[in-house]
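Peer 1: what shape does this take:
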Amino acid sequence: MADGSLSQFKATLARRQARKDKNSGKFDRNSLDYSSTASKTEFDFPVLSHADLEDLKGKIRTDIRIQKRKELVFYLVVIVLTIFLFFSLIN
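Peer 2: From the prediction side, this is the model:
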């Protein structure tokens with residue numbers, strides 16, 4: 001090498017390797033695999049009859065309806081308070 005020394009070349013290689021390590025991530029991605037094929041997760045869900053499913057669906061629908069009603073009341077209260085504060089600040 002005409003213009004550089006061996007130490008400069010080694011420093012360049014070290015910087016290149018550091019950039020490569022930084023861009024590829026700090027960890028070895030192969031050792032971070034947490035999934036195991038030895039055992040599969042099994043869920044023990046109860047088997048429901050058609051009537052039980054309909055009851056469950058009805059309960060979920062009423063819960064959703066109640067939740068929507070609560071949200072509507074909350075938003076209306078916020079809007080009314082905002083309008084009240086706006087007009088009280090103007091006068």
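
Peer 1: going by C-alpha atoms from here, please, whenever you check contacts or count neighbours.
Peer 2: Noted.

Peer 1: sec struct for residue 46, please.
Peer 2: coil (DSSP: H, G, I helix; E, B strand; the rest coil).

Peer 1: name the next helix or strand downstream of the helix or strand containing residue 15, please.
Peer 2: Residue 15 is part of helix 6-24 when elements are defined by DSSP states H and E. Next helix or strand after helix 6-24 toward the C-terminus (DSSP H and E): helix 50-90.

Peer 1: how far is that following helix from where the chain is centred?
Peer 2: 25 Å (C-alpha atoms, centre = their mean, to the nearest Å).

Peer 1: what do you get for stretch 47-63?
Peer 2: With C-alpha atoms, centre = their mean, you get 29 Å for stretch 47-63.

Peer 1: repeat that for stretch 18-27.
Peer 2: Per C-alpha atoms, centre = their mean, the centroid offset for stretch 18-27 relative to its chain is 25 Å.

Peer 1: tell me the mean pLDDT for that stretch?
Peer 2: Averaged across stretch 18-27, pLDDT comes to 74.

Peer 1: point out where this protein drops to low pLDDT.
Peer 2: 1-3, 25-40 (pLDDT under 70).

Peer 1: and if we set it to 50?
Peer 2: 1 (pLDDT under 50).

Peer 1: in the helix holding residue 15, what's buried?
Peer 2: By neighbour count on 16 or more other C-alpha atoms under 10 Å, the buried set for helix 6-24 is empty.

Peer 1: could you check how far that helix is from the centre of its chain?
Peer 2: How far helix 6-24 lies from its chain's middle: 35 Å, per C-alpha atoms, centre = their mean.

Peer 1: also stretch 45-55?
Peer 2: 31 Å.

Peer 1: what about it, how long is it end to end?
Peer 2: 17 Å (C-alpha to C-alpha, to the nearest Å).

Peer 1: in it, what counts as buried?
Peer 2: For stretch 45-55, it's none, nothing buried (16+ other C-alpha under 10 Å).
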